[in-house]
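**Q** Just to be clear, the model below is a prediction. Sequence and coordinates:
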Amino acid sequence: MDKSIEEAARRIEEALNQEPIEVMQLKLKLEISASKLFLALGWMMREGRVGLEPSEFGYKASLAEARNSSFHKCLP
């Protein structure tokens, strides 16, 4: 795994420790490219560390342990 993707995943996890967040807001907050963001999110989803829920503006990301019963992993 590319070290920059691992670093992006670490930063995503830190941001999601605070609260669930819209994916594009996460991109802006972390100031990373969309490619790195989506590669890291995909890797984290595959490991079961993060989930995505459809939202009004795209997807909202949350740490897996923070999800409630109505929150589910969603693959396009």
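**A** It's in.
**Q** Show me which helix runs longest in this protein.
**A** Counting residues, the longest helix found in the chain (DSSP state H) is helix 3-18.
**Q** In that one, which residues are buried?
**A** 5, 8-9, 11-12, 15-16 (16 or more other Cβ atoms under 10 Å). C-betas here are computed from N, CA, C, even on glycine.
**Q** Now Leu39: closest residue in space, sequence neighbours ignored.
**A** Nearest residue to Leu39 in three dimensions, chain neighbours excluded: Ile5, at 5.1 Å (Cβ to Cβ, 6 or more residues apart in numbering).
**Q** re the thing from before, what is the subsequent helix or strand relative to the longest helix of the chain?
**A** Once helix 3-18 ends, the next helix or strand along the chain (criterion: DSSP states H and E) is strand 21-22.
**Q** Grab the nearest non-local neighbour of Arg49.
**A** Using Cβ to Cβ, 6+ apart, the closest residue to Arg49 is Ala64 (5.5 Å).
**Q** Now do the contacts for that neighbour.
**A** 48-51 (Cβ atoms under 8 Å, 6 or more residues apart in numbering).
**Q** Distance-wise, check it relative to Ala34.
**A** To Ala34, Ala64 is 22 Å away according to Cβ to Cβ, to the nearest Å.
**Q** before we move on, what about Gly48?
**A** Counting by Cβ to Cβ, the gap from Gly48 to Ala34 is 23 Å.
**Q** Confirm that Leu52 sits in a helix.
**A** No: the assignment for Leu52, made by DSSP: H, G, I helix; E, B strand; the rest coil, is strand rather than a helix.
**Q** ok, it - how many residues close by?
**A** Per other Cβ atoms under 10 Å, the neighbour tally for Leu52 reads 22.
**Q** element containing the closest residue to it other than its chain neighbours?
**A** Nearest residue to Leu52, sequence neighbours excluded (Cβ to Cβ, 6+ apart): Tyr59, at 4.4 Å. For Tyr59, the host element (DSSP H and E) is strand 58-63.
**Q** just checking, what packs against that strand?
**A** With contacts taken as 3 or more Cβ pairs under 8 Å, 6 or more residues apart in numbering; DSSP states H and E, strand 58-63 sits against helix 3-18, strand 21-22, helix 23-30, strand 50-55.
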